[in-house]
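S.K.: have a look at this prediction, sequence included:
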Amino acid sequence: QVQLVESGGGLVQAGGSLRLSCAASGSIFTRNTMGWYRQAPGRERELVAAISSNFNYYYANSVKGRFTISRNNAENTLYLQMNNMKPEDTAMYYCAGTQGPIRTTPGSWGYWGQGTQVTVSS
């Protein structure tokens, strides 16, 4: 069983930065694909960024060049650095993990955190 706990969300002005962290318990973190999803009210949950165990990357088009995903396997921690943030980045952000490859469908991910709220003011 893998447990995921997110932190680092908050309120930021447009153009600002935040860094989200996801602490993972369990010994299989290094073998998992990890990712960040977000869900805004009335919208579907979407994959923002992901990183596989062998360091393949995925970024949604809307965040390319602004967000960076990284992982520290020694500390079982996943990060999402968000720069030049926009009001449309406002959402609940979820850390997720899967034993398979990167897939964009939420049903393909087996592990989820509780989420951390990110709000970007204009």
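M.R.: The structure has been received and is ready for your questions. Being a predicted model, the structure only gives us computed values, none of them experimental. Numbers count the residues shown, from 1 in each chain.

S.K.: so what's the residue nearest to residue 66 when sequence neighbours are not counted up against?
M.R.: Nearest non-adjacent residue to residue 66, counting by C-beta to C-beta, 6 or more residues apart in numbering: residue 84, 4.8 Å away. From N, CA and C alone the C-beta is placed, and that goes for glycine too. The contact partners of residue 84, by C-beta atoms under 8 Å, 6 or more residues apart in numbering, come to 15, 17, 66.

S.K.: repeat for residue 39
M.R.: 45-46, 91-92, 94.

S.K.: can you pick out the most distant pair from those?
M.R.: Checked with C-beta to C-beta, those reach their widest spread between 46 and 92, with 11.4 Å between them.

S.K.: circling back to that earlier point, now, of the contacts of residue 84, which are buried?
M.R.: Buried residues within the contacts of residue 84, counting neighbours by 16 or more other C-beta atoms under 10 Å: none.

S.K.: what comes into contact with stretch 16-30?
M.R.: Contacts for stretch 16-30 (C-beta under 8 Å, 6+ apart): 1-10, 12, 32, 34, 36, 53, 73, 76-85, 93, 95, 97, 99, 113, 116, 118, 120.

S.K.: for the spatially most central residue of the chain, give the beta-bridge partners.
M.R.: Residue closest to the mean C-alpha point of the chain, counted by C-alpha atoms, centre = their mean, is residue 36 at 1.9 Å. For residue 36, the beta-bridge partners are residue 49, residue 95 (DSSP bridges).

S.K.: nice, that's everything, thank you.
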